[in-house]
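J.: sequence and computational prediction follow.
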Amino acid sequence: MPSISPNKPYRIGRSRTGLGLFATKPIKKGSRIIRYFGPLLDSKKKDEDEIENKYLFELTNRWTIDGSIRENVARYINHSCKPNAESDVRPRKRKIYIRAIKNIEPGEEINYDYGTDYFKAYLKPIGCKCDSCEKKRKKKRAEARAERLKLKEKAERKAKRKAEKQAKEKAKAKEEAQEKPKEKAKKKNGKANGKYLNGSGRPKPAGKKLVAGKRKNSAASLHA
């Protein structure tokens, strides 16, 4: 790991993605933090154009800086979708600087946006791990958990209502089953008692049962 002067406002430290560059002193917005440097590659030269690594920083269509050398401390600066710094490219001077676009406090990690092409080639396949993307993923996970919990509670309420309905139906069926023998017995008793209640079935006293012919004779005998 390259040595850094104690006067520099940064240090190399452990980051979420490996190593990163962290502020050791307050860095004001707009101030230049560090230079991104390395061998200058010419795309017109086949052997230089074929060099591939993740530290290549394009200046123009022709010139590219190979920042993979150990002395280039700026290569430790990680990507962020919501950065606190940015690259200040000077094509004519063939130089690149990293400058602050926000006030950076001691202990904060310094980061900048690597650009769309780099993001698609290197970061998107594995998933960006910057704080902004991590917060988004954390929020999505929390929302997904909340949605699962909501669906679970909804299913539980539905199951509870169903169980209560089934319990009521079961209790009603049991009650009806208990009432049927009573109703049957009541009807049976009603039919038995009906002969005396409506009068049609009540038996007449034996002494008052008269034959029609005998009654006429008795009447005739009285007139005689």
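T.: All right, it came through fine.

J.: work out for me the element the most centrally placed residue in the chain sits within.
T.: The residue lying closest to the centre of the chain (CA atoms, centre = their mean) is residue 144, at 0.7 Å. Secondary structure assignment for residue 144, by DSSP states H and E: helix 131-197.

J.: distance from the chain centre to that helix, please.
T.: On the basis of CA atoms, centre = their mean, to the nearest Å, helix 131-197 is displaced by 29 Å from the centre of the chain it belongs to.

J.: that one - what's its average pLDDT?
T.: Taken as a whole, helix 131-197 has a mean pLDDT of 82.

J.: mind checking how far the residue nearest to the centre of the chain is from residue 129?
T.: 19 Å (CB to CB, to the nearest Å). Where C-beta positions appear, they are placed from N, C-alpha and C, glycine not excepted.

J.: ditto for residue 147
T.: 24 Å.

J.: between the two, which has more neighbouring residues?
T.: Higher neighbour count among residue 147 and residue 129: residue 129, with 16 against 10, using other CB atoms under 10 Å.

J.: give the contact list for the more buried one.
T.: The contact partners of residue 129, by CB atoms under 8 Å, 6 or more residues apart in numbering, come to 16-17.

J.: residue 21 and residue 76 touch, don't they?
T.: Yes. Using CB atoms under 8 Å as the test, residue 21 is close enough to residue 76 to be in contact (4.7 Å).

J.: what residues are shared contacts of those two?
T.: residue 12.

J.: settle it for me: which of the two has more neighbours?
T.: residue 21 (24 against 21).

J.: right, and the helix or strand after the helix or strand hosting the more buried one?
T.: Secondary structure from DSSP H and E places residue 21 in strand 18-23. For strand 18-23, the following helix or strand on the C-terminal side (DSSP H and E) is strand 32-36.

J.: pLDDT value on residue 121, please?
T.: Reported pLDDT for residue 121: 86.

J.: now it, what's its secondary structure?
T.: Under DSSP: H, G, I helix; E, B strand; the rest coil, the three-state class of residue 121 is helix.

J.: against residue 82, how distant is it?
T.: With CB to CB as the criterion, residue 121 and residue 82 are 20 Å apart.

J.: residue 163: neighbouring residues, count only.
T.: Residue 163 has 10 nearby residues by other CB under 10 Å.

J.: ditto for residue 95
T.: 14.

J.: contacting residues for the nearest residue to it once chain neighbours are set aside?
T.: Of all residues not flanking residue 95 in the chain, residue 35 sits nearest, at 6.6 Å (CB to CB, 6 or more residues apart in numbering). Residue 35 makes contact with 74, 95-98, according to CB under 8 Å, 6+ apart.
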